[in-house]
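K.L.:
Sequence and predicted model, in that order:
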2 protein chains.
Amino acid sequence: MQQIDLSDYSIFVGDIFPALSTFLKEKNYPRTVLIVDDNTEKFCLPILAKHIDVSDFLIITVPEGELNKNIDTAQIIWKTMMDNGVGRRDLCINLGGGVIGDMGGFAASTYKRGIDFIQIPTTLLSQVDASIGGKLGIDFNQVKNSVGVFENPKAVFVDAIFHKTLPKGELRSGFAEIVKHSLIENKAQWDRIKKMDSLEDVDWVSYLAPSLKIKQRIVEIDPFEAGLRKALNFGHTIGHAIESDLLETPNRLLHGEAIAIGMICESYIAHKIADLSAFHLQEITDFFIKIYGKIDLDRTTYPLLVQLMRKDKKNEKDEINFTLLNSPGKAIINQTCNEALIIESLDYYRNIRVEKGVMS
Amino acid sequence: MQQIDLSDYSIFVGDIFPALSTFLKEKNYPRTVLIVDDNTEKFCLPILAKHIDVSDFLIITVPEGELNKNIDTAQIIWKTMMDNGVGRRDLCINLGGGVIGDMGGFAASTYKRGIDFIQIPTTLLSQVDASIGGKLGIDFNQVKNSVGVFENPKAVFVDAIFHKTLPKGELRSGFAEIVKHSLIENKAQWDRIKKMDSLEDVDWVSYLAPSLKIKQRIVEIDPFEAGLRKALNFGHTIGHAIESDLLETPNRLLHGEAIAIGMICESYIAHKIADLSAFHLQEITDFFIKIYGKIDLDRTTYPLLVQLMRKDKKNEKDEINFTLLNSPGKAIINQTCNEALIIESLDYYRNIRVEKGVMS
């Protein structure tokens, strides 16, 4: 197991149960609340219960999915805690993916003006993305994460044992964030990743720990996204637009699958207006196609995609904001380009030839 | 005007408008939201608008009163801000009493994970009580302030000009907190206060500023109410029980009016089990009766009062927790006493003879 110490809490990566037992024993909270959703209650809670005595825990199960990450579910959590007499000195454990971490953390941070909470993220994406940075919240008025707070957990416990509970696509989706971290900050890690042929039998700790350290470094320097933290947006300007566009369709993509496409397109833009070489562009393109396959992009959706990019909350003034690469491991933030080049980058992706056929 | 500098913001006390103008000019927020309730929109907004150009402000009016300090009203605030495109770098001004400060501050602190806000408390109570300490929140599930956060405003502006908009009882209620501050921490201020004969023509700045400094000192030493901050509970164990008991009756008391009674009773207890002299007990009793008059306490309500005290969230284990005085200016926290003495203290109050009749 590896321990990553942040300024005010630690992340435990690997076989987490001994560390979790020690944490609970040392802190000796009067009462522990465990928040799960329908899925993690079924698949992850039994794993936790094998190692930790949960018989005294107050278990709150909420309906799964982003659609339920809202103020109504937050109220159910608050009310259940209150009706069960949860006090200011008690602990809340959030066991689940990003939705549970964000919403459970928000509910805990606002219950009686804040009680302690720890995160046990169970999806690869939430392990690598949500365990650092203190961003908590719910969706409100159809806007993602529009109500929330910045608050750090008392500890985060990251264990690949929960991956076996995930559909295969979820693993690939989370992996895109690991690739992103290596591309923006860690060339050595990228050199290792680019040789991977599949996501079978991966030693996840050896990828998770370096990734978490990269995010830690960035977030501690720039907690409120004033500058450096924008590096984490690599692939997200175009990727997020594609994700949103396909959201309500049968071709819906998982977040990381869309970001993988975004990283290809934005690497093309970087090749054109930053210093990314043709060789590196090819290498990045080949890697993502190898792992993620390719989807059909329809040219008729381009205007909508650009419109979605314009709406991105990270933009300033009227310009679409990008994080680009000068080379693997070196990102530059606050880049802009004209619409023609964005279209060209989408065409670049559209014209990639693949042998194995479309992404599945 | 006096300026009190706390570790991360300042309180301006006196004629606040020049300082407020300077603040707004220097910060140059893209957009300003102003939260008011029905009353402060009618009575306080015109005063503000005389000195500050509010024509570009987004004004959000919420229904007045503690009953509306709830998640539904918070949702109205969030939604109105969102529908009007309020951004992460905008400002929220809360103009009103404790309800507006608590709820507006909570809404601002959770909107898009927190935007800047300033407080312009308009009641004496909120000026002296709520402007320091960062306690924000709403009532939820019939429990006061059970959902909220600790977050400091960017500045607080305290001006007695708003007192003229208040019913007379409100002024007397807020004044009880000023008396409390002097009794627990500032003998010189108490010696000045005890000579007052009425609350007419008071130079409020000269009372507000020292009171705020006392609270500042206490809260900065003990932000999360682990110890010293409990000194602020003087008068509140018994006072709050009386306030709750009468809440739904025609004899309903304002918060400070009930705390004034609590301070008399708890001074009696202090005389019995701490070092408060008979002389000081008499002095304190005389002062509160002079300013607040006296109400009829009914012996049949004693058991209920004691039961309410037992429910106080400040208790630990099964004991009723008091803050007592050893002498004016010297408080001791975490004191307990038996029920018989609590009853005796209520009888002490009940048996006080007054010439002017009951409190009105």
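P.N.:
Received the coordinates, thanks. Numbering: from 1, shown residues only, chains lettered A, B, ... in the order given.
K.L.:
Around chain B, which positions in the stretch 51-200 of chain A sit nearby?
P.N.:
A:71, A:75, A:78-79, A:82-83, A:109-114, A:135-137, A:140-141, A:143, A:145-150 (CB under 8 Å from any CB of the partner chain). No exception for glycine: its C-beta is placed from N, CA and C like everyone else's.
K.L.:
Just the buried residues out of these, in PyMOL syntax.
P.N.:
The following PyMOL line selects those of these that are buried, judged by 16 or more other CB atoms under 10 Å in any protein chain shown:
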select buried, chain A and resi 71+78+82+109+110+111+112+113+114+135+136+137+140+145+146+147+148+149
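K.L.:
so of the residues of the stretch 51-200 of chain A next to chain B, which ones are in helices?
P.N.:
Filtering those for membership in helices, criterion DSSP state H, returns A:Ile71, A:Gln75, A:Trp78, A:Lys79, A:Met82, A:Asp83, A:Ser109, A:Thr110.
K.L.:
Greatest separation within these: which pair is it?
P.N.:
Farthest-apart pair in these is A:Asp83 and A:Ser109; separation 19.5 Å (CB to CB).
K.L.:
where are the low-confidence patches of the stretch 1-150 of chain A?
P.N.:
By pLDDT under 70, the stretch 1-150 of chain A contains no weakly predicted segment.
K.L.:
ok, which stretches of it are helices?
P.N.:
Assigned by DSSP state H, counting those that start in this stretch, the stretch 1-150 of chain A shows helices spanning A:17-27, A:38-43, A:45-51, A:71-83, A:98-110, A:124-125.
K.L.:
A:Ala331: what secondary structure?
P.N.:
For A:Ala331, the assignment made with DSSP: H, G, I helix; E, B strand; the rest coil gives strand.
K.L.:
Skipping adjacent residues, who's closest to it in space?
P.N.:
Spatially, and ignoring its direct neighbours in sequence, A:Ala331 is nearest to A:Ile184 (3.9 Å; CB to CB, 6 or more residues apart in numbering or on different chains).
K.L.:
For A:Ile291, give me its contacts.
P.N.:
A:Ile291 makes contact with A:Arg172, A:Phe175, A:Met196, A:Ser198, A:Leu199, A:Ala260, according to CB atoms under 8 Å, 6 or more residues apart in numbering or on different chains.
K.L.:
Now intersect the residues you listed with the helices, please.
P.N.:
A:Arg172, A:Phe175, A:Ala260.
K.L.:
Out of those residues, the closest to A:Ile11 would be?
P.N.:
Checking the ones in helices among the contacts of A:Ile291 against A:Ile11 by CB to CB gives A:Phe175 as the nearest, at 18.3 Å.
K.L.:
Tell me how many other residues crowd the closest one.
P.N.:
Neighbours of A:Phe175 under the rule other CB atoms under 10 Å in any protein chain shown: 25.
K.L.:
so what pLDDT did it get?
P.N.:
As predicted, A:Phe175 sits at a pLDDT of 96.
K.L.:
Roughly how far does it sit from chain B?
P.N.:
Distance, A:Phe175 to chain B, using CB to the nearest CB, to the nearest Å: 27 Å.
K.L.:
Helices along the stretch 251-360 of chain A, start to end?
P.N.:
A:255-273, A:278-292, A:302-310, A:339-350.
K.L.:
now the strands for the stretch 101-250 of chain A?
P.N.:
Secondary structure of the stretch 101-250 of chain A (DSSP state E, counting those that start in this stretch): strands at A:116-121, A:135-140, A:143-150, A:155-158.
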